[in-house]
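Student: Pasting the sequence and the predicted model now:
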Amino acid sequence: MKKRAGIYLIFAILTYAAPTLGAPPSGKTLAQQGNGKGAPGCVSCHGDKGQGNPAAGYPYLAGQPESYLLGQLNAFADQTRTSPVMQPFASALSVEEMQAVSAYFAGLPLPDTDSGKSAGDTADAGRRLATQGKWSVGMPACFQCHGDRGQGVAPHFPAISGQPEDYLRNQLEHWRKGARSNDPIGLMQAVVGHLEEADIAAVSRYLSTLSPTKAP
Ligand code: HEC
Ligand code: HEC
């Protein structure tokens, strides 16, 4: 009798535990609630539709190429991309969870970030860099790689239009300082090497006024 109860108990544990052991939380669950093991829900900072938070300088994730997002989570975890905020969260995600949450945000539509804001007196300089580059030093236009309105080109080139101005400027500064070194074959490191301080400010401001869903 005792032995039998034991077998039932094991059976019960297996039937209850197996689905939770086998399947990681869905990408949507991770985005909304986190994994309960150190990675919080992403939407509290990145927006309920992954649209970002311009006031706080948090980037949008919605509509970014899946492999780009996955690459960034890995880079935060192995610190080839420095972020004191994201590093512990990314490190707390398993490989399967990183994949699931990247696929989830990649599947959401790019946000319409048009705020009606103007890029002010540096608008022309910013637009020139984005659409024409700086051929005097051999630098192609940003939109040559990032798409004709900065909407990104999967799998390697992320959308850059409409990201928060401070976020964009910080990323370009991080490449300059070596705090972000995970990009494929050093493409962005080469780009940033051709930019002056004033160029970084102008192009970040200009891009932040655009929407990846509309022609500039
Ligand atoms: C407390 C706020 C906060 C939470 C919660 C948060 N993030 Fe972030 N996330 C940030 C900040 C800030 C950055 C910008 C980091 C930098 O400056 O490099 C960022 C950047 C990112 C990036 C890089 C985006 C890009 O365009 O390169 C990815 C991917 C990302 N987060 C995914 C996630 C995921 C997935 C979760 C949930 C598991 C999450 N984040 C939760 C604040 C947060
Ligand atoms: C030769 C191709 C190429 C050109 C030209 C280029 N980029 Fe990039 N850019 C990339 C690649 C590749 C990545 C992704 C890096 C990674 O995976 O970490 C990237 C990433 C970025 C990011 C990070 C986006 C994010 O969400 O964190 C920013 C910002 C950026 N580029 C801005 C620019 C600007 C501004 C210009 C023009 C001055 C430019 N890029 C020109 C290839 C390019």
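Tutor: Okay, I see it. Ligands and ions are numbered 1, 2, ... in the order given.

Student: This structure against ligand 1: which residues are in contact?
Tutor: Within the chain, the residues that sit near ligand 1 (CB under 6 Å from any ligand atom) are 30, 34, 39-40, 42, 44-46, 58-59, 61, 64, 69, 72-73, 83, 85-86, 89, 101, 158, 170. No exception for glycine: its C-beta is placed from N, CA and C like everyone else's.

Student: Mind doing that once more with 5 Å?
Tutor: Ala39, Pro40, Cys42, Cys45, Pro59, Leu69, Gln72, Ser83, Val85, Met86, Val101 (CB under 5 Å from any ligand atom).

Student: I'd like to know which of these are buried.
Tutor: Ala39, Cys42, Cys45, Pro59, Leu69, Gln72, Ser83, Met86, Val101 (16 or more other CB atoms under 10 Å).

Student: would you turn those into CSV with secondary structure, pLDDT and distance to Leu93?
Tutor: Converted to CSV, these look like this (DSSP: H, G, I helix; E, B strand; the rest coil; pLDDT from 0 to 100; distance: CB to CB, whole Å):
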residue, secondary structure, pLDDT, distance to Leu93
Ala39, coil, 97, 5
Cys42, coil, 98, 10
Cys45, helix, 98, 15
Pro59, coil, 98, 17
Leu69, helix, 98, 12
Gln72, helix, 98, 12
Ser83, coil, 96, 14
Met86, helix, 98, 11
Val101, helix, 98, 7
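
Student: Report the two of the residues you listed separated the most.
Tutor: Taking CB to CB as the measure, these span a maximum distance of 17.1 Å, between Ala39 and Pro59.

Student: Quick check: which of the residues of the chain next to ligand 1 are also close to ligand 2?
Tutor: Applying CB under 5 Å from any ligand atom to the residues of the chain next to ligand 1, none is adjacent to ligand 2.

Student: per the record, what domains does the protein have?
Tutor: For the chain, the structural domains run 26-106, 120-208, going by automatic domain parsing.

Student: Angles on the backbone of Lys134, please.
Tutor: phi -140, psi 80 (degrees, to the nearest 10).

Student: Identify the residue nearest it in space, chain neighbours excluded?
Tutor: Among residues not flanking Lys134 along the chain, His194 sits closest, at 5.9 Å (CB to CB, 6 or more residues apart in numbering).

Student: any idea how far the one you found lies from Arg176?
Tutor: Using CB to CB, to the nearest Å, one gets 11 Å for the distance from His194 to Arg176.

Student: do the same with Glu197
Tutor: Distance from Glu197 to Arg176, by CB to CB: 9 Å.

Student: what about those two, which has more around it?
Tutor: Ranked by neighbour count (other CB atoms under 10 Å), Glu197 and Arg176 place Arg176 first, with 15 against 10.

Student: and the residue nearest to that one when sequence neighbours are not counted, how many residues sit next to it?
Tutor: Nearest in space to Arg176, with sequence neighbours left out and distances taken as CB to CB, 6+ apart, is Val192 at 5.2 Å. For Val192, the number of neighbouring residues by other CB under 10 Å comes to 21.

Student: and if you look at Gln64?
Tutor: Using other CB under 10 Å, the number of residues around Gln64 comes to 23.

Student: mind listing what it touches?
Tutor: Applying CB atoms under 8 Å, 6 or more residues apart in numbering, we find Gln64 in contact with Phe105, Ala106, Gly152, Pro158, Ala159.

Student: Next secondary structure after the helix or strand containing the residue nearest to Arg176?
Tutor: Assigned by DSSP states H and E, Val192 belongs to helix 187-193. Later in the chain than helix 187-193, the nearest helix or strand by DSSP H and E is helix 197-208.
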